[in-house]
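Engineer: sequence first, predicted model second:
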Amino acid sequence: MGFPIGSFDDMYVRKTAEGERTKATPEGFVRQLETIGLTCPETEKEKLRGNIDKVLEGSAGYTTESYAITQPASQQDFSAGSVVAGARDLVSSLSSADLATRLFIGQLASTEPGTRDFVDALANHDSATHDFVAQVRESRPEALDFVGRVVNDEDSLGSLQSYVDALEVGGLAVVAQLSELGLSAVATGTWIPYDRIKYTQCLQNIQAPAGWKKLEDTLGSSFLGKREPKTGEWWSSDKKPYTSGEAFVRLFTEVAYRASATVSGGLAKTETEAELANRIKPSTIPDSDYNSGDQSMVIFLASGVDEEKKEVAGIGVLTVVYNIYIKDYRKKTKNDSDRWSTTKVRARCVQLTDPDDLNNYHRIATGSPCF
(Lines give C-alpha, C1' and ligand atoms only; values in the text may rest on other atoms or scores of the structure.)
Protein backbone atom coordinates (compact mmCIF):
# COMPACT_ATOMS: atom_id res chain seq x y z
CA MET A 1 0.00 0.00 0.00
CA GLY A 2 1.44 3.39 -0.99
CA PHE A 3 1.69 6.48 1.18
CA PRO A 4 -0.29 9.66 0.42
CA ILE A 5 1.64 12.11 -1.73
CA GLY A 6 2.54 15.36 -0.03
CA SER A 7 3.78 14.42 3.44
CA PHE A 8 6.95 16.50 2.96
CA ASP A 9 6.96 19.74 1.00
CA ASP A 10 9.75 21.94 -0.39
CA MET A 11 11.49 18.91 -1.91
CA TYR A 12 13.47 20.57 -4.67
CA VAL A 13 14.47 17.46 -6.60
CA ARG A 14 14.39 16.45 -10.23
CA LYS A 15 14.63 13.06 -11.85
CA THR A 16 18.05 12.42 -13.33
CA ALA A 17 18.56 11.39 -16.92
CA GLU A 18 19.91 7.89 -17.53
CA GLY A 19 23.24 9.28 -18.69
CA GLU A 20 23.67 11.30 -15.49
CA ARG A 21 23.45 8.30 -13.16
CA THR A 22 26.54 6.66 -11.71
CA LYS A 23 27.13 3.23 -13.24
CA ALA A 24 29.10 0.22 -12.05
CA THR A 25 31.16 -0.93 -15.04
CA PRO A 26 33.99 -3.42 -15.56
CA GLU A 27 36.17 -0.57 -16.80
CA GLY A 28 35.47 1.37 -13.62
CA PHE A 29 36.41 -1.55 -11.40
CA VAL A 30 39.57 -2.18 -13.43
CA ARG A 31 40.57 1.45 -12.89
CA GLN A 32 39.95 1.15 -9.15
CA LEU A 33 41.94 -2.09 -8.92
CA GLU A 34 44.81 -0.42 -10.74
CA THR A 35 44.86 2.38 -8.16
CA ILE A 36 45.65 -0.18 -5.46
CA GLY A 37 48.32 -1.86 -7.58
CA LEU A 38 46.36 -4.74 -9.14
CA THR A 39 46.20 -5.47 -12.85
CA CYS A 40 43.16 -7.01 -14.48
CA PRO A 41 43.59 -8.94 -17.76
CA GLU A 42 41.12 -8.30 -20.56
CA THR A 43 39.77 -11.82 -20.08
CA GLU A 44 38.61 -10.85 -16.59
CA LYS A 45 36.44 -7.96 -17.75
CA GLU A 46 33.58 -10.16 -18.91
CA LYS A 47 33.72 -12.04 -15.63
CA LEU A 48 33.50 -8.73 -13.81
CA ARG A 49 30.47 -7.75 -15.89
CA GLY A 50 28.77 -11.01 -14.96
CA ASN A 51 29.54 -10.51 -11.29
CA ILE A 52 28.16 -6.95 -11.35
CA ASP A 53 24.96 -8.12 -13.04
CA LYS A 54 24.56 -10.91 -10.51
CA VAL A 55 24.85 -8.48 -7.58
CA LEU A 56 22.33 -6.09 -9.16
CA GLU A 57 19.84 -8.87 -9.88
CA GLY A 58 19.17 -9.01 -6.16
CA SER A 59 17.77 -5.46 -6.19
CA ALA A 60 15.41 -5.98 -9.13
CA GLY A 61 11.91 -4.90 -8.13
CA TYR A 62 13.04 -2.80 -5.16
CA THR A 63 11.49 0.66 -5.11
CA THR A 64 13.07 3.06 -2.60
CA GLU A 65 15.09 5.77 -4.33
CA SER A 66 17.65 8.36 -3.27
CA TYR A 67 18.21 12.08 -3.70
CA ALA A 68 21.82 12.14 -2.47
CA ILE A 69 24.46 9.43 -2.08
CA THR A 70 27.29 10.70 0.12
CA GLN A 71 30.16 9.73 2.35
CA PRO A 72 31.61 11.44 5.42
CA ALA A 73 34.54 13.57 4.35
CA SER A 74 37.80 14.48 6.03
CA GLN A 75 40.39 17.20 5.72
CA GLN A 76 42.49 14.91 3.55
CA ASP A 77 39.77 14.22 0.98
CA PHE A 78 40.67 17.09 -1.34
CA SER A 79 44.22 18.08 -2.16
CA ALA A 80 46.10 19.09 -5.31
CA GLY A 81 46.20 15.46 -6.46
CA SER A 82 42.45 14.92 -6.22
CA VAL A 83 41.20 17.92 -8.19
CA VAL A 84 41.36 18.57 -11.93
CA ALA A 85 44.63 20.09 -13.10
CA GLY A 86 43.08 23.46 -13.90
CA ALA A 87 41.84 23.92 -10.32
CA ARG A 88 45.13 23.34 -8.57
CA ASP A 89 45.90 27.04 -8.25
CA LEU A 90 42.96 27.15 -5.87
CA VAL A 91 44.47 24.58 -3.51
CA SER A 92 47.04 26.95 -2.00
CA SER A 93 44.32 29.52 -1.35
CA LEU A 94 42.42 26.91 0.68
CA SER A 95 45.23 26.28 3.18
CA SER A 96 43.61 28.42 5.87
CA ALA A 97 40.01 27.63 4.87
CA ASP A 98 37.69 25.67 7.12
CA LEU A 99 36.72 22.11 6.25
CA ALA A 100 33.38 23.09 4.70
CA THR A 101 35.02 25.50 2.26
CA ARG A 102 37.68 22.96 1.28
CA LEU A 103 34.99 20.36 0.68
CA PHE A 104 32.87 22.77 -1.33
CA ILE A 105 35.66 23.70 -3.76
CA GLY A 106 37.04 20.16 -3.72
CA GLN A 107 33.73 18.64 -4.77
CA LEU A 108 33.23 21.11 -7.60
CA ALA A 109 36.70 20.29 -8.97
CA SER A 110 36.96 16.62 -7.95
CA THR A 111 38.46 13.94 -10.17
CA GLU A 112 36.47 11.24 -8.36
CA PRO A 113 34.03 9.83 -10.95
CA GLY A 114 30.98 9.66 -8.67
CA THR A 115 31.50 13.15 -7.26
CA ARG A 116 31.97 14.51 -10.76
CA ASP A 117 28.75 12.76 -11.87
CA PHE A 118 26.86 14.58 -9.12
CA VAL A 119 28.34 18.02 -9.83
CA ASP A 120 27.93 17.66 -13.59
CA ALA A 121 24.28 16.66 -13.12
CA LEU A 122 23.72 19.81 -11.04
CA ALA A 123 25.40 21.92 -13.71
CA ASN A 124 23.45 20.33 -16.55
CA HIS A 125 20.21 22.03 -15.51
CA ASP A 126 21.48 25.31 -14.06
CA SER A 127 23.57 27.69 -16.15
CA ALA A 128 24.75 29.66 -13.11
CA THR A 129 26.03 26.47 -11.47
CA HIS A 130 27.63 25.44 -14.77
CA ASP A 131 29.47 28.78 -15.03
CA PHE A 132 30.71 28.72 -11.43
CA VAL A 133 31.93 25.11 -11.73
CA ALA A 134 33.86 26.07 -14.87
CA GLN A 135 35.44 28.99 -13.00
CA VAL A 136 36.58 26.65 -10.21
CA ARG A 137 37.86 23.94 -12.54
CA GLU A 138 39.97 26.50 -14.40
CA SER A 139 41.06 28.58 -11.38
CA ARG A 140 39.57 31.69 -12.95
CA PRO A 141 39.84 35.01 -11.11
CA GLU A 142 36.15 34.89 -10.15
CA ALA A 143 36.67 31.63 -8.25
CA LEU A 144 39.87 32.84 -6.58
CA ASP A 145 38.07 36.01 -5.51
CA PHE A 146 35.17 34.01 -4.05
CA VAL A 147 37.48 31.75 -2.06
CA GLY A 148 39.41 34.76 -0.77
CA ARG A 149 36.23 36.47 0.40
CA VAL A 150 35.03 33.33 2.19
CA VAL A 151 38.38 32.49 3.81
CA ASN A 152 38.91 36.06 5.03
CA ASP A 153 35.20 36.65 5.72
CA GLU A 154 35.50 39.93 3.85
CA ASP A 155 31.74 40.50 3.80
CA SER A 156 31.27 39.50 7.46
CA LEU A 157 28.75 36.81 6.51
CA GLY A 158 30.36 34.27 8.83
CA SER A 159 29.96 30.96 6.97
CA LEU A 160 30.36 29.28 3.61
CA GLN A 161 26.59 28.71 3.44
CA SER A 162 25.92 32.44 3.85
CA TYR A 163 28.35 33.35 1.08
CA VAL A 164 26.82 30.75 -1.24
CA ASP A 165 23.29 31.88 -0.36
CA ALA A 166 24.27 35.38 -1.42
CA LEU A 167 24.99 34.02 -4.91
CA GLU A 168 21.38 32.76 -5.17
CA VAL A 169 22.43 29.68 -7.16
CA GLY A 170 20.51 26.54 -6.19
CA GLY A 171 23.02 23.96 -7.41
CA LEU A 172 25.82 25.56 -5.42
CA ALA A 173 23.57 25.69 -2.34
CA VAL A 174 23.21 21.89 -2.59
CA VAL A 175 26.98 21.33 -2.56
CA ALA A 176 27.47 23.90 0.20
CA GLN A 177 24.87 22.19 2.38
CA LEU A 178 26.59 18.81 2.06
CA SER A 179 29.96 20.46 2.74
CA GLU A 180 28.66 22.17 5.89
CA LEU A 181 27.47 18.74 7.07
CA GLY A 182 30.92 17.23 6.46
CA LEU A 183 29.64 15.12 3.56
CA SER A 184 30.86 14.60 0.03
CA ALA A 185 28.60 13.44 -2.81
CA VAL A 186 29.96 10.18 -4.24
CA ALA A 187 27.32 9.10 -6.77
CA THR A 188 24.13 10.11 -8.56
CA GLY A 189 21.00 8.01 -8.28
CA THR A 190 17.38 8.48 -9.40
CA TRP A 191 16.86 11.97 -7.99
CA ILE A 192 19.07 14.99 -7.43
CA PRO A 193 18.37 18.26 -5.58
CA TYR A 194 18.43 21.54 -7.46
CA ASP A 195 18.32 23.59 -4.25
CA ARG A 196 18.91 23.01 -0.57
CA ILE A 197 16.63 20.39 1.03
CA LYS A 198 15.61 21.52 4.51
CA TYR A 199 15.29 17.96 5.81
CA THR A 200 18.83 16.84 4.95
CA GLN A 201 20.52 18.24 8.05
CA CYS A 202 17.81 16.75 10.29
CA LEU A 203 18.28 13.31 8.74
CA GLN A 204 22.05 13.61 9.08
CA ASN A 205 21.73 14.39 12.78
CA ILE A 206 19.31 11.51 13.34
CA GLN A 207 21.58 8.94 11.67
CA ALA A 208 24.68 10.07 13.59
CA PRO A 209 25.71 7.41 16.13
CA ALA A 210 25.01 9.58 19.19
CA GLY A 211 21.60 10.68 17.93
CA TRP A 212 20.64 7.17 16.86
CA LYS A 213 21.53 5.75 20.28
CA LYS A 214 19.38 8.38 22.03
CA LEU A 215 16.45 7.43 19.81
CA GLU A 216 16.87 3.72 20.53
CA ASP A 217 17.26 4.30 24.26
CA THR A 218 14.31 6.69 24.49
CA LEU A 219 11.80 5.09 22.11
CA GLY A 220 12.73 1.42 22.31
CA SER A 221 10.67 -0.78 20.02
CA SER A 222 8.53 2.16 18.85
CA PHE A 223 11.53 3.72 17.08
CA LEU A 224 11.09 3.20 13.33
CA GLY A 225 14.82 2.77 12.71
CA LYS A 226 16.19 -0.59 11.57
CA ARG A 227 19.62 -2.14 11.89
CA GLU A 228 21.26 -4.95 9.94
CA PRO A 229 22.36 -7.06 11.69
CA LYS A 230 19.57 -6.34 14.14
CA THR A 231 21.99 -6.43 17.09
CA GLY A 232 23.90 -3.47 15.65
CA GLU A 233 27.10 -5.51 15.67
CA TRP A 234 29.17 -6.20 12.55
CA TRP A 235 28.14 -8.89 10.11
CA SER A 236 31.40 -10.64 9.37
CA SER A 237 32.27 -13.16 6.70
CA ASP A 238 34.24 -16.31 7.39
CA LYS A 239 37.99 -16.04 6.96
CA LYS A 240 38.31 -17.81 3.59
CA PRO A 241 40.73 -17.91 0.65
CA TYR A 242 39.69 -15.63 -2.20
CA THR A 243 41.42 -13.88 -5.06
CA SER A 244 41.31 -10.12 -4.59
CA GLY A 245 38.68 -9.82 -7.31
CA GLU A 246 36.47 -12.42 -5.63
CA ALA A 247 36.90 -10.70 -2.27
CA PHE A 248 35.66 -7.38 -3.64
CA VAL A 249 32.69 -9.04 -5.35
CA ARG A 250 31.78 -10.57 -1.97
CA LEU A 251 32.03 -7.11 -0.42
CA PHE A 252 29.69 -5.63 -3.06
CA THR A 253 27.22 -8.48 -2.55
CA GLU A 254 27.06 -8.01 1.21
CA VAL A 255 26.91 -4.20 1.07
CA ALA A 256 23.99 -4.43 -1.38
CA TYR A 257 22.18 -7.05 0.71
CA ARG A 258 22.70 -5.47 4.13
CA ALA A 259 21.74 -2.01 2.86
CA SER A 260 18.48 -3.18 1.28
CA ALA A 261 17.63 -5.34 4.31
CA THR A 262 17.13 -2.16 6.38
CA VAL A 263 15.09 -0.29 3.74
CA SER A 264 11.33 -0.67 3.50
CA GLY A 265 10.68 -1.52 -0.15
CA GLY A 266 14.35 -2.31 -0.69
CA LEU A 267 16.95 -0.02 -2.26
CA ALA A 268 16.18 0.43 -5.96
CA LYS A 269 18.53 -1.01 -8.58
CA THR A 270 19.68 2.44 -9.75
CA GLU A 271 20.68 3.34 -6.20
CA THR A 272 22.35 -0.02 -5.55
CA GLU A 273 24.45 0.29 -8.69
CA ALA A 274 25.42 3.87 -7.86
CA GLU A 275 26.41 3.07 -4.26
CA LEU A 276 28.71 0.22 -5.38
CA ALA A 277 30.34 1.95 -8.33
CA ASN A 278 33.40 3.45 -6.64
CA ARG A 279 33.92 1.53 -3.42
CA ILE A 280 37.50 0.27 -3.84
CA LYS A 281 39.61 2.70 -1.83
CA PRO A 282 43.38 2.91 -1.25
CA SER A 283 44.66 0.65 1.49
CA THR A 284 45.18 2.19 4.91
CA ILE A 285 48.29 0.09 5.58
CA PRO A 286 51.50 0.30 3.50
CA ASP A 287 52.39 -3.37 3.18
CA SER A 288 51.45 -6.56 1.33
CA ASP A 289 47.99 -6.73 2.92
CA TYR A 290 44.97 -4.65 1.93
CA ASN A 291 42.87 -2.95 4.60
CA SER A 292 40.15 -0.53 3.53
CA GLY A 293 39.66 0.75 7.06
CA ASP A 294 36.09 1.52 8.08
CA GLN A 295 34.35 3.12 5.09
CA SER A 296 30.83 4.50 5.20
CA MET A 297 28.06 5.93 3.05
CA VAL A 298 25.15 8.12 4.05
CA ILE A 299 22.29 7.86 1.54
CA PHE A 300 19.31 10.22 1.68
CA LEU A 301 16.09 8.53 0.56
CA ALA A 302 12.89 9.69 -1.08
CA SER A 303 9.65 7.82 -1.84
CA GLY A 304 6.51 8.85 -3.70
CA VAL A 305 8.03 11.91 -5.36
CA ASP A 306 5.72 14.46 -7.00
CA GLU A 307 8.28 16.50 -8.91
CA GLU A 308 5.78 19.14 -10.07
CA LYS A 309 4.35 19.83 -6.61
CA LYS A 310 7.78 19.54 -4.95
CA GLU A 311 6.35 17.02 -2.49
CA VAL A 312 7.25 13.50 -1.42
CA ALA A 313 5.39 10.87 0.55
CA GLY A 314 8.38 9.76 2.57
CA ILE A 315 12.01 10.56 3.30
CA GLY A 316 14.75 8.66 5.08
CA VAL A 317 18.43 8.09 5.59
CA LEU A 318 20.47 4.92 5.19
CA THR A 319 23.95 4.53 6.66
CA VAL A 320 26.22 1.67 5.56
CA VAL A 321 29.60 0.97 7.18
CA TYR A 322 31.98 -1.68 5.88
CA ASN A 323 35.53 -2.96 6.06
CA ILE A 324 37.45 -5.42 3.89
CA TYR A 325 40.83 -7.01 4.71
CA ILE A 326 42.75 -9.12 2.19
CA LYS A 327 45.90 -10.94 3.23
CA ASP A 328 48.65 -10.76 0.58
CA TYR A 329 46.24 -9.10 -1.81
CA ARG A 330 48.71 -8.83 -4.72
CA LYS A 331 49.05 -12.61 -5.02
CA LYS A 332 47.44 -13.98 -8.17
CA THR A 333 45.52 -17.01 -6.94
CA LYS A 334 43.56 -17.90 -3.84
CA ASN A 335 45.55 -21.10 -3.38
CA ASP A 336 48.67 -19.31 -2.15
CA SER A 337 49.52 -20.14 1.45
CA ASP A 338 48.14 -17.76 4.07
CA ARG A 339 45.87 -16.11 1.51
CA TRP A 340 42.50 -15.09 2.99
CA SER A 341 40.06 -12.22 3.23
CA THR A 342 37.33 -11.03 5.57
CA THR A 343 34.44 -8.63 5.02
CA LYS A 344 32.49 -6.75 7.69
CA VAL A 345 29.28 -4.80 7.05
CA ARG A 346 26.59 -3.13 9.13
CA ALA A 347 23.75 -0.78 8.20
CA ARG A 348 21.03 1.30 9.79
CA CYS A 349 18.09 3.11 8.23
CA VAL A 350 15.07 5.16 9.24
CA GLN A 351 12.20 6.13 6.91
CA LEU A 352 9.47 8.58 7.83
CA THR A 353 6.13 9.55 6.30
CA ASP A 354 5.07 12.15 8.86
CA PRO A 355 6.92 15.47 9.38
CA ASP A 356 5.83 15.39 13.02
CA ASP A 357 7.84 12.19 13.52
CA LEU A 358 10.89 13.84 11.94
CA ASN A 359 10.53 16.80 14.30
CA ASN A 360 10.11 14.55 17.32
CA TYR A 361 13.04 12.31 16.37
CA HIS A 362 15.28 15.30 15.84
CA ARG A 363 14.26 16.76 19.20
CA ILE A 364 15.17 13.50 20.94
CA ALA A 365 18.45 13.13 19.02
CA THR A 366 19.68 16.72 19.41
CA GLY A 367 17.51 18.54 21.93
CA SER A 368 15.90 20.81 19.32
CA PRO A 369 13.17 20.40 16.69
CA CYS A 370 14.00 20.00 13.01
CA PHE A 371 11.94 23.01 11.92
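Structural biologist: Perfect, thanks for sending it.
Engineer: okay, now the residue lying closest to residue 86 once chain neighbours are set aside: neighbour count?
Structural biologist: Nearest residue to residue 86 in three dimensions, chain neighbours excluded: residue 138, at 4.4 Å (Cβ to Cβ, 6 or more residues apart in numbering). Quick note: C-beta positions are derived from backbone N, CA and C, even for glycine. Counted with other Cβ atoms under 10 Å, the neighbours of residue 138 add up to 16.
Engineer: what's the answer for residue 21, then?
Structural biologist: Residue 21: 19 neighbours (other Cβ under 10 Å).
Engineer: surely it and residue 117 touch.
Structural biologist: Yes. With contact defined as Cβ atoms under 8 Å, residue 21 and residue 117 form a contacting pair (7.4 Å).
Engineer: identify the contacts common to those two.
Structural biologist: Jointly contacting residue 21 and residue 117 under the rule Cβ atoms under 8 Å, 6 or more residues apart in numbering are residue 188.
Engineer: packing partners of the host helix or strand of residue 103?
Structural biologist: Assigned by DSSP states H and E, residue 103 falls within helix 99-108. Contacts defined by 3 or more Cβ pairs under 8 Å, 6 or more residues apart in numbering; DSSP states H and E place helix 99-108 against helix 113-124, helix 127-137, helix 141-152, helix 160-167, helix 170-180, strand 183-187.
Engineer: next, the angle from that helix to helix 127-137.
Structural biologist: Counting by axes from the mean of the first three to the mean of the last three Cα atoms, to 10 degrees, helix 99-108 points 100 degrees away from the direction of helix 127-137.
Engineer: would you mark the buried spots in the longest strand anywhere in the chain?
Structural biologist: Of all segments of type strand in the chain, defined using DSSP state E, the longest is strand 311-326. Judged by neighbour count using 16 or more other Cβ atoms under 10 Å, the buried positions of strand 311-326 are 311-326.
Engineer: from residue 154, how far off is the residue nearest to residue 86?
Structural biologist: 23 Å (Cβ to Cβ, to the nearest Å).
Engineer: cool, and residue 7?
Structural biologist: Counting by Cβ to Cβ, the gap from residue 7 to residue 154 is 42 Å.
Engineer: who's more crowded, the two?
Structural biologist: residue 7 (21 against 11).
Engineer: what is the neighbour count of residue 231?
Structural biologist: 9.
Engineer: report the central residue of this protein.
Structural biologist: Closest residue to the average C-alpha location of the chain: residue 70 at 1.8 Å, with Cα atoms, centre = their mean.
Engineer: now do the contacts for that one.
Structural biologist: 178, 183, 184, 185, 186, 297, 298, 299, 300.
Engineer: can you name the residues bridging to the fourth one?
Structural biologist: This points to residue 185. Taking DSSP bridges as the rule, residue 185 bridges to residue 70.
Engineer: the strands in the stretch 251-371 of the chain, which residues?
Structural biologist: For the stretch 251-371 of the chain, the strands defined by DSSP state E, counting those that start in this stretch occupy 290-291, 295-306, 311-326, 341-352.
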